[in-house]
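Colleague: Quick one, fold the following:
(one chain, ligands or ions: 1)
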Amino acid sequence: MPDYGIAGKRAVVTGGSRGIGAAIVTQLLAAGATVLTTARSAGPAPEGASFVQADVRTRAGAQTIASAAQEVLGGVDLLIHNAGGARPHPSALEIPDDEWQDALSVNLLAAVRLDALLAPGMRERRSGSIVHISTAAIRPPFPPFLHYVAAKTALEAYSQGLAAELAPAGVRVNTVSPGRTATPGGVATREQWASLSSGGLDLPGVPLGRDGDPDDIANAVLFLLSDQANWLTGSGLAVDGGEYPR
Ligand SMILES: NC(=O)c1ccc[n+]([C@@H]2O[C@H](COP(=O)([O-])OP(=O)(O)OC[C@H]3O[C@@H](n4cnc5c(N)ncnc54)[C@H](OP(=O)(O)O)[C@@H]3O)[C@@H](O)[C@H]2O)c1
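Modeller: Numbering: from 1, shown residues only. From the prediction side, this is the model:
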């Protein structure tokens, strides 16, 4: 494993009990970080990580995570907001109001709140790195997912602006946008999407010939968190096997 400069760093990862979040936690631990992760259900987190049960859709959930981070880690150097997702609907006009609220809360506002709680410490120490997980499927903006696409698009715009604000303090903010990745959430969402049409889901093949593995996404996250990305901020990496060229 390359020397990421991550050994000894204190990291918070949302949604680390499975899928992409669990791969990020596992790779951070292997690189020598101390990790606190979180989910709504009671874990389990990958072995070696600390865990706090919290729902990032609420302000109280973000506060619970920030308090646990202070207690367990004594401060945060690396923040990865990974928890996210949304359920597809047959028409954009039929997405219920509460699902719009949920999509905006988990995909956008959770990042905004956690950053507000945890980035000031990074700014004071003049060091820190934040990665927000977006999606490569923003373009085309698939109608069954407009609540999700709108929230992730806003997350990317917000991340770029925050990167500009925090850059003078040496704190970096970047996004990683996964394509089709083999996770419990990703597989379930594509099954729900397929069930909306009698013909099933007719997506073109992934140019690199396979769906992503959670480690494919975690590799990009670790790179952006690492010293090797010291001159990268306000940037976005699409990790999608070539499906959505930017
Ligand atoms: N997999 C894909 O194909 C794909 C493609 C593009 C983008 N992404 C993005 O990648 C990220 C991870 O996706 P994934 O496929 O790994 O998802 P996943 O398999 O569903 O795992 C989601 C993780 O987040 C936690 N979580 C969900 N809602 C939460 C909440 N409100 N509060 C706290 N924790 C919560 C889950 O635990 P609990 O359920 O117990 O809370 C779980 O640990 C998401 O932001 C997603 O939008 C995924």
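Colleague: residues of the helix or strand that contains residue 100 that come out buried?
Modeller: Element membership for residue 100, per DSSP states H and E: helix 97-104. Within helix 97-104, the residues that qualify as buried by neighbour count (16 or more other Cβ atoms under 10 Å) are 100, 102, 103, 104. To be clear about C-beta, it is placed using only N, CA and C from the backbone, and glycine gets the same treatment.
Colleague: same check, this time on stretch 174-181
Modeller: Buried residues in stretch 174-181, counted by 16+ other Cβ under 10 Å: 174, 175, 176, 177, 178, 179, 180, 181.
Colleague: swap in stretch 139-146?
Modeller: 144, 145, 146.
Colleague: Now for the closest residue to residue 226 other than its chain neighbours, how many residues are close by?
Modeller: Nearest non-adjacent residue to residue 226, counting by Cβ to Cβ, 6 or more residues apart in numbering: residue 4, 3.8 Å away. Using other Cβ atoms under 10 Å, residue 4 has 20 other residues around it.
Colleague: who touches residue 4 in this structure?
Modeller: Counting by Cβ atoms under 8 Å, 6 or more residues apart in numbering, residue 4 makes contact with 31, 222, 223, 225, 226, 227, 228.
Colleague: Just the buried residues out of those residues, in ChimeraX syntax.
Modeller: Selecting only the buried entries of these in ChimeraX, with 16+ other Cβ under 10 Å as the criterion:
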select :31,222,223,225,226
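Colleague: related to what we said a few turns ago, contacts for the helix holding residue 100?
Modeller: Outside helix 97-104, the residues touching it (Cβ under 8 Å, 6+ apart) are 57, 86, 87, 89, 147, 148, 150, 151, 154.
Colleague: And the buried residues of stretch 174-181, which two are furthest apart?
Modeller: Spatial extent of the buried residues of stretch 174-181 (Cβ to Cβ) is set by the pair 174 and 180 at 21.3 Å.
Colleague: before we move on, back to that, filter the buried residues of stretch 139-146 down to the ones in helices?
Modeller: residue 146 (DSSP state H).
Colleague: Keep only the buried residues of stretch 139-146 that also lie close to the ligand.
Modeller: With Cβ under 6 Å from any ligand atom as the criterion, the buried residues of stretch 139-146 include none near the ligand.
Colleague: In a markdown table: the buried residues of stretch 139-146, plus distance to residue 120 and pLDDT.
Modeller: Shown next, in a markdown table, are the buried residues of stretch 139-146 (distance: Cβ to Cβ, whole Å; pLDDT from 0 to 100):
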| residue | distance to residue 120 | pLDDT |
| --- | --- | --- |
| 144 | 38 | 92 |
| 145 | 33 | 94 |
| 146 | 33 | 97 |
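Colleague: Could you pick out which of the buried residues of stretch 174-181 are located in strands?
Modeller: Using DSSP state E, 174, 175, 176, 177, 178 are the members of those that sit in strands.
Colleague: Nearest to the ligand among those?
Modeller: Closest approach to the ligand among those (Cβ to the nearest ligand atom): residue 178, at 3.9 Å.
Colleague: does the residue sitting furthest away from the middle of the chain count as helix, strand or coil?
Modeller: Distance to the chain centre peaks in the chain at residue 198, reaching 31.8 Å (criterion: Cα atoms, centre = their mean). Counting by DSSP: H, G, I helix; E, B strand; the rest coil, the backbone at residue 198 sits in coil.
Colleague: same check, this time on residue 209
Modeller: For residue 209, the secondary structure call by three-state DSSP comes out as coil.
Colleague: What's the local residue count around it?
Modeller: When neighbours are defined as other Cβ under 10 Å, residue 209 has 8 of them.
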